[in-house]
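In: requesting a structural model of the entry that follows:
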Amino acid sequence: GKAYAKAPRTPLNLFRTGRGAQLGKRYSDAIAAYQQLVQAYPDAPESGNAFLRLAQLVQEPQQQLAYLDTVIQKFPNRAGDALLRKAEILDAQNSPQAASQVRQMLLSRYGQSDAAAELRWELAEQRVEAGDIKGAWELARQIAQQNPDSKFAPEAAFWIGKWAQQAGQQQEAQQAYEYVLSRYP
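Out: Residues are numbered from 1 along each chain as shown. The predicted structure is shown next:
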């Protein structure tokens with residue numbers, strides 16, 4: 001991170017300066033570097049990442065939400081991550097209805113994002129714990145269909161078969177297992 005601080009001032013170098021400081025637990029330096037980046041290069045792709053990092057580093061929930069809203073508005077390729085984090089903050093603020101609306105927006109507008117796959121998997125796990133295997137199975141199917149390249153897809157595809165087998169749907173289970181083996185050897 002210190003080397004990047006001495007490098008030419010570009011969006012990537014400023015981001016890496018901030019990230020190095022963040023990883024080194026020099027949080028005030030990280031915040032300063034990220035803020036320099038978003039002020040000097042407000043439309044650079046790295047600024048979207050910097051706003052997400054700023055939302056992690058600041059303590060005030062309203063400031064976190066403001067940074068996340070900026071990402072949602074200006075950086076659609078990172079909006080899914082921002083919406084997932086925003087829902088978590090709203091949950092922590094005891095605003096479950098607002099958090100639910102944000103999650104719905106994530107799934108409807110950015111349903112193919114990695115954040116949507118993460119959310120679907122979290123919801124599937126919650127449904128399993130509540131005994132709603134059919135609901136979990138449906139969410140896992142959505143991951144396999146809409147997020148086949150996410151890190152959650154192989155496990156979701158496996159559980160599609162497992163839950164189908166538990167429900168007595170042997171043909172569906174066999175198809176799911178074949179899909180897993182062909183897609184994730």
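In: for residue 147, grab phi and psi.
Out: Phi and psi for residue 147, reported as degrees, to the nearest 10, are phi -130, psi 50.
In: next: residue 112.
Out: The phi/psi pair for residue 112 (degrees, to the nearest 10) is phi -100, psi 10.
In: now do it against residue 174, distance only.
Out: 27 Å (C-beta to C-beta, to the nearest Å). Every residue, glycine included, has its C-beta placed from N, CA and C.
In: repeat for residue 160
Out: Residue 160 is 11 Å from residue 174, by C-beta to C-beta.
In: neighbour-wise, which of the two wins?
Out: In this view residue 160 and residue 174 are compared by other C-beta atoms under 10 Å, and residue 160 has more residues nearby, 26 against 13.
In: what's whichever strand or helix holds the more buried one packed up against?
Out: Assigned by DSSP states H and E, residue 160 belongs to helix 153-166. Judged by 3 or more C-beta pairs under 8 Å, 6 or more residues apart in numbering; DSSP states H and E, helix 153-166 is in contact with helix 114-129, helix 133-146, helix 170-183.
In: ok, and the closest non-adjacent residue to the residue nearest the centre of the chain?
Out: When the chain is reduced to its mean C-alpha position, the nearest residue by C-alpha atoms, centre = their mean turns out to be residue 115, at 2.9 Å. Nearest non-adjacent residue to residue 115, counting by C-beta to C-beta, 6 or more residues apart in numbering: residue 80, 3.5 Å away.
In: what's the neighbour count on that neighbour?
Out: 25.
In: what are the phi and psi angles of it?
Out: According to degrees, to the nearest 10, residue 80 has phi -60, psi -50.
In: ditto for residue 110
Out: phi -130, psi 40.
In: okay, it: pLDDT?
Out: We have a pLDDT of 97 for residue 110.
In: test my guess that residue 152 contacts residue 120.
Out: Yes - Residue 152 is within contact range of residue 120, at 7.4 Å (criterion: C-beta atoms under 8 Å).
In: what do the two both touch?
Out: Counting by C-beta atoms under 8 Å, 6 or more residues apart in numbering, the contacts common to residue 152 and residue 120 are residue 143.
In: of these two, which one has the most company?
Out: A count of neighbours by other C-beta under 10 Å puts residue 120 above the other of residue 152 and residue 120, at 26 against 20.
In: wait, what's in contact with that one?
Out: Counting by C-beta under 8 Å, 6+ apart, residue 120 has contacts 107, 139-140, 142-143, 147, 152, 156.
In: if we go to 10 Å?
Out: Residue 120 makes contact with 106-107, 111, 136, 138-144, 146-147, 150, 152, 156, according to C-beta atoms under 10 Å, 6 or more residues apart in numbering.
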